[in-house]
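Visitor: for reference, the sequence and a predicted model appear below.
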2 protein chains.
Amino acid sequence: MTTEQIPTQNLDTADLLDLIEQSLSRRDLAAASATLSPVPTWQIVQVLERLNPKDCAVMYRLLPKQQAVEAFEALSPELQGELVRSLQDAEIAALFAEMDPDDRVWLLDELPASVAPRLLRGLAPRERDLTASVLGYSQDSIGRRMSPEYVTTHPDLTSAETLRRMRARLADAETIYTLPVTDHARRVVGVVSLRDLLTADDDALVESLMQDAHTVPADSGAEAAARDCTDLGLLAVPVVDSEHRLVGIFTIDDAARILKREESEDAARQGGAEPLTRPYLSTPIRRIVRSRVVWLLVLAVGATLTVKVLSVFEATLEQLTVLALFVPLLIGTGGNTGNQAATTVTRALALGEVRPRDMVRVLTRELRVGLSLGVLLGLLGFGITALIYDWQIGLVIGCTLIAVCSVAATIGGIMPLVARTIRVDPAVFSNPFITTFVDATGLVIYFVIAKAILGI
Amino acid sequence: MTTEQIPTQNLDTADLLDLIEQSLSRRDLAAASATLSPVPTWQIVQVLERLNPKDCAVMYRLLPKQQAVEAFEALSPELQGELVRSLQDAEIAALFAEMDPDDRVWLLDELPASVAPRLLRGLAPRERDLTASVLGYSQDSIGRRMSPEYVTTHPDLTSAETLRRMRARLADAETIYTLPVTDHARRVVGVVSLRDLLTADDDALVESLMQDAHTVPADSGAEAAARDCTDLGLLAVPVVDSEHRLVGIFTIDDAARILKREESEDAARQGGAEPLTRPYLSTPIRRIVRSRVVWLLVLAVGATLTVKVLSVFEATLEQLTVLALFVPLLIGTGGNTGNQAATTVTRALALGEVRPRDMVRVLTRELRVGLSLGVLLGLLGFGITALIYDWQIGLVIGCTLIAVCSVAATIGGIMPLVARTIRVDPAVFSNPFITTFVDATGLVIYFVIAKAILGI
């Protein structure tokens, strides 16, 4: 048993994980617990996130009380939700009471709707009101992700007075490093940083220290607001209602959390799968299959369109089998061109660089890009095919490449904008669907051009 | 001209951009300048980023001195680099002197290597030394992205003494909200937050207030460090050398900037294109074509493999043209399955959930997932094809789907790990290449199975 006595506090997370998985597979809970006890909380969190659901619940029960509370707060909402389902009601109520109102809302969003009212009833009235004020905003809005616990100041207060106010609220404010400045009607007129307050003389007025506030309306989209916050390098952004009155504060750590989740979703959907809610290696195979199978089926059904198109041209194919040789090359190139355009525009949409009303500009740009790429590839395709087969086949391949690239880039470019307009996630609607759609269209173009040029 | 007098301070960025582009296209510089003057700096930055390179340089020259300096600091390094090329040497030197050392390094990385020494020579000695200390680390390391300007404290100082130290260094420290705690040998022993310092009694020792520090070695990868920082919601992380001595501090706003850039790169490469360095609508068509054409050519050349494979089986195709009908469907499904696996594993790699040494685990998982998906799709494919054509063709399609899905998921899953092992960006190496590779492999599998079952 002395092999377990190696110091674990300086191991990296993967090695730690290996040790713990070994202990758990031997059902040696004491060793597992000893491995984790000298480790800092942030690393415990990483280990818990990477264990499979069953081991994670076991390991969590082995943590000392205080560490368990700290680790729970740092876990992702999905894992919190998973853990909660394995805990006793009293334990859940205690954890829930300790959380900040905004973190509480993240967790509630993960739990079955029937659980939320029960948990909320268990809270102290003030905490319940704060949580309810955040729950009042719609799921994807920034209001849902803000904290209702903030410290404000006023333009006619001094630096010293503001610092005193702030010290009195230190314990429960979400952040004290950026303070919203409000007028008598609670409207945001600026922000002042703790740094500027500390730099200034005691009797300097906030009015002279504050800066223009970048505010976000509580009903605006959480992703866009998170992106603004990180793009501008702001530690915190005041959230306002339609009358520009302060209702909450949104901090950069929540912004980073939102963006990470959005980007995982986008990445998964562009690859044609649903996002996984836990780390890859700890997700059961069944769940991975489930996250992919629906997409794959839908795309396969879509691809039967290509069988249909080809069977229409079956007679032409029988006459000239050589045409079949180029089918994968042509539709592959079309798919690639379409994917390039779709990926660029989807990313630009996510970053707020392009909006649905830019449809015409995007269309013109992608048509020009697609045409340029098509001419380059078409010339090359003509040359090579003319050399190996004959110049007529070469002409068919060259012309098809020009047409397919132009069509594919255009469709790929506007598809994400269409998706956004009809309120579907652009990432869902773009790459895999474009490939399928471009495959079928490309085949029609190919055979029409072939029939025209070869006169069959 | 009264139409220009509409208030512009409350417009959103896209509308502002429209107004300015209209003014610039009329060459009405006065109107453009008037439109931008009442607008806050963060929005000026968004406008500059979305203008095309020529207009951006023109507009920048129209800004009042102070606003120009502030806007420059907030611009992305790529755009700073672009602007610098349009400015006079004296203007550049002035801007450069005002920047923080870490931001200066970002900019230097964008400029031709010959410019860097000239700019560095123009700096005051202390600033030059600070900048040089950061430039000493390799391009992708966290040392390159840290700030060498920090405030430290010691375990045996009191809260009041620490606050005094901090106030003395307010002007140039990168952050004052998280202070590294070091021992007599400059080794990091913890961190203390300004919040805890303010909460504590004046004579409380730092030792009693500090927490475990999450530190990163200066030569570790910038992306992984940035991800840890945002995942853990830390405002700042101490950067240490191999002896655990403090060399700099890394802040969450820089972490967000690094992750945004990495994610744009990953997204572009998974779509088979090079990342654009400026917003989509302001990137010249020529540059977009350039970012895509090399990839497209490489992939098209790869796809000639499919022509090769098909020409080997040309005789079989001539005998049974019906086999050609299913080619796009089969290779499309293979490509989709491969992409799903590649996207999941690439993302898991980026998030640090999977490492190259997990190769065998990933391989086994993806083989099982691919087999499950293949059996589901294969049964369906058999059923439908058997009904429409005949049961033998159905059997060919069903078996091919099972084999292709298993192979595609396995290749898709391990390809990103292979890429990481041979130090290539996993995103480069995965989706588009997998599609091409799976296309060719899938065709071989298809014809081998067809020949075996149909006995031709």
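Guide: Structure received.
Visitor: switch to C-alpha atoms for all contacts and neighbour counts from now on
Guide: OK.
Visitor: quick one: name the residues of the stretch 1-150 of chain A near chain B.
Guide: A:40, A:42, A:50, A:74 (C-alpha under 8 Å from any C-alpha of the partner chain).
Visitor: try it again with 10 Å
Guide: Taking C-alpha under 10 Å from any C-alpha of the partner chain, the part of the stretch 1-150 of chain A that reaches chain B is made up of A:13-14, A:39-43, A:45-46, A:49-50, A:74-76.
Visitor: go on, the stretch 351-456 of chain A?
Guide: A:351-355, A:358, A:361-362, A:365-366, A:368-374, A:376-377, A:380-381, A:431-432, A:435-436, A:439-440, A:443.
Visitor: now for residue A:416: which residues touch it?
Guide: A:341-349, A:356, A:359, A:424-431, A:434 (C-alpha atoms under 10 Å, 6 or more residues apart in numbering or on different chains).
Visitor: what does residue A:102 give?
Guide: Per C-alpha under 10 Å, 6+ apart, neighbours of residue A:102: A:108, A:130-131, A:134-135, A:143-149, A:174, A:250, A:254.
Visitor: so it, which state does it fall into?
Guide: Secondary structure assignment for residue A:102 (DSSP: H, G, I helix; E, B strand; the rest coil): helix.
Visitor: before we move on, what's the pLDDT of it?
Guide: pLDDT, residue A:102: 83.
Visitor: now residue A:11
Guide: Residue A:11 is given a pLDDT of 75.
Visitor: quickly note the distance from it to chain B.
Guide: 13 Å (C-alpha to the nearest C-alpha, to the nearest Å).
Visitor: wait, that residue touches residue A:40, no?
Guide: No - judged on C-alpha atoms under 10 Å, residue A:11 makes no contact with residue A:40 at a distance of 11.0 Å.
Visitor: those two - which one has more neighbours?
Guide: Applying other C-alpha atoms under 10 Å in any protein chain shown to residue A:11 and residue A:40 shows that residue A:40 carries more neighbours, namely 17 against 13.
Visitor: tell me the contacts of the most centrally placed residue in chain A?
Guide: For chain A, the residue nearest the mean C-alpha position is residue A:262 (1.1 Å; C-alpha atoms, centre = their mean). Counting by C-alpha under 10 Å, 6+ apart, residue A:262 touches A:223, A:256, A:268, A:275, A:350.
Visitor: so which of these wins on neighbours?
Guide: That'd be residue A:256 among the contacts of residue A:262, by other C-alpha under 10 Å, with 27 neighbours.
Visitor: what about chain A, any weak spots by pLDDT?
Guide: Along chain A, segments meeting pLDDT under 70 span A:1-10, A:428-430.
Visitor: residue A:191 should be in a strand, yeah?
Guide: Yes - with three-state DSSP as the criterion, residue A:191 is part of a strand.
Visitor: what about it, distance to residue A:454?
Guide: 72 Å (C-alpha to C-alpha, to the nearest Å).
Visitor: pull the contacting residues for the residue nearest to residue A:33 when sequence neighbours are not counted.
Guide: In this structure, residue A:33 finds its nearest non-sequential neighbour in residue A:62, 6.1 Å apart by C-alpha to C-alpha, 6 or more residues apart in numbering or on different chains. Contacts for residue A:62 (C-alpha under 10 Å, 6+ apart) come out as A:29, A:30, A:32, A:33, A:34, A:36, A:37, A:56, A:68.
Visitor: what about burial for those residues, which qualify?
Guide: A:29, A:32, A:33, A:34, A:36, A:37, A:56, A:68 (16 or more other C-alpha atoms under 10 Å in any protein chain shown).
Visitor: wait, what's in contact with the third one?
Guide: Which is residue A:33. Contacts of residue A:33 (C-alpha under 10 Å, 6+ apart): A:20, A:23, A:24, A:59, A:60, A:61, A:62, A:63, A:64.
Visitor: check which element follows the helix or strand harbouring residue A:371 along the chain.
Guide: Counting by DSSP states H and E, the element that carries residue A:371 is helix A:359-388. Downstream of helix A:359-388, the next assigned helix or strand under DSSP H and E is helix A:391-421.
Visitor: so between residue A:191 and residue A:454, which is more surrounded?
Guide: Taking other C-alpha under 10 Å, residue A:191 and residue A:454 do not tie; residue A:191 has more neighbours (27 against 11).
Visitor: report the contact partners of that one.
Guide: By C-alpha under 10 Å, 6+ apart, the residues touching residue A:191 are A:152-155, A:178-182, A:206-207, A:209-215, A:236-238.
Visitor: same question for residue A:291.
Guide: A:268, A:272, A:273, A:274, A:275, A:276, A:285, B:340.
Visitor: which ones among those residues map onto helices?
Guide: A:268, A:285, B:340 (DSSP state H).
Visitor: a markdown table please, covering those residues and showing distance to residue B:82.
Guide: Shown next, in a markdown table, are these (distance: C-alpha to C-alpha, whole Å):
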| residue | distance to residue B:82 |
| --- | --- |
| A:268 | 34 |
| A:285 | 48 |
| B:340 | 37 |
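Visitor: quick check, nearest of those to residue A:231?
Guide: Closest approach between the ones in helices among the contacts of residue A:291 and residue A:231, by C-alpha to C-alpha: residue A:268, at 23.4 Å.
Visitor: give the contact list for the closest residue in space to the closest one that isn't next to it in sequence.
Guide: Nearest residue to residue A:268, sequence neighbours excluded (C-alpha to C-alpha, 6+ apart): residue A:275, at 5.1 Å. Listed by C-alpha under 10 Å, 6+ apart, the contact set of residue A:275 reads A:261-269, A:288, A:291-292, B:344.
Visitor: and the gap between residue A:275 and residue A:221?
Guide: From residue A:275 to residue A:221 the distance is 20 Å (C-alpha to C-alpha).
Visitor: repeat for residue A:127
Guide: From residue A:127 to residue A:221 the distance is 25 Å (C-alpha to C-alpha).
Visitor: report the distance from stretch A:231-244 to the chain centre.
Guide: 21 Å (C-alpha atoms, centre = their mean, to the nearest Å).
Visitor: do the same with stretch A:340-349
Guide: The answer for stretch A:340-349 is 15 Å, by C-alpha atoms, centre = their mean.
Visitor: that one vs chain B: in contact?
Guide: Yes - against chain B, stretch A:340-349 shows contacts by C-alpha under 10 Å from any C-alpha at A:340, A:341, A:342, A:343, A:344, A:345, A:346, A:347, A:348, A:349.
Visitor: that older thread, helices - which of the contacts of residue A:191 land there?
Guide: Those of these lying in helices (DSSP H): A:206, A:207, A:209.
Visitor: between the residues you listed, which is nearest chain B?
Guide: residue A:209 (14.7 Å; C-alpha to the nearest C-alpha).
Visitor: quick revisit: who are the packing partners of the helix holding residue A:371?
Guide: helix A:327-350, helix A:391-421, helix B:285-312 (3 or more C-alpha pairs under 10 Å, 6 or more residues apart in numbering or on different chains; DSSP states H and E).
Visitor: mind checking the end-to-end distance for stretch A:72-89?
Guide: First-to-last distance for stretch A:72-89 - C-alpha to C-alpha - comes to 15 Å.
Visitor: could you chop chain A up by domain?
Guide: For chain A, automatic domain parsing gives the domain ranges A:2-139, A:159-265, A:284-454.
Visitor: could you check how far residue A:109 is from chain B?
Guide: Counting by C-alpha to the nearest C-alpha - residue A:109 and chain B are separated by 19 Å.
Visitor: that residue contacts residue A:76, correct?
Guide: No - taking contacts as C-alpha under 10 Å, residue A:109 lies outside contact range of residue A:76: 11.9 Å.
Visitor: which one's more surrounded, the two?
Guide: residue A:76 (19 against 16).
Visitor: check contacts around that one.
Guide: Going by C-alpha under 10 Å, 6+ apart, residue A:76 touches A:45, A:49, A:82, A:103, A:106, A:107, A:257, A:277, A:278, B:231.
Visitor: from residue A:12, how far off is it?
Guide: Counting by C-alpha to C-alpha, the gap from residue A:76 to residue A:12 is 20 Å.
Visitor: what does residue A:249 give?
Guide: Using C-alpha to C-alpha, residue A:249 is found at 35 Å from residue A:12.
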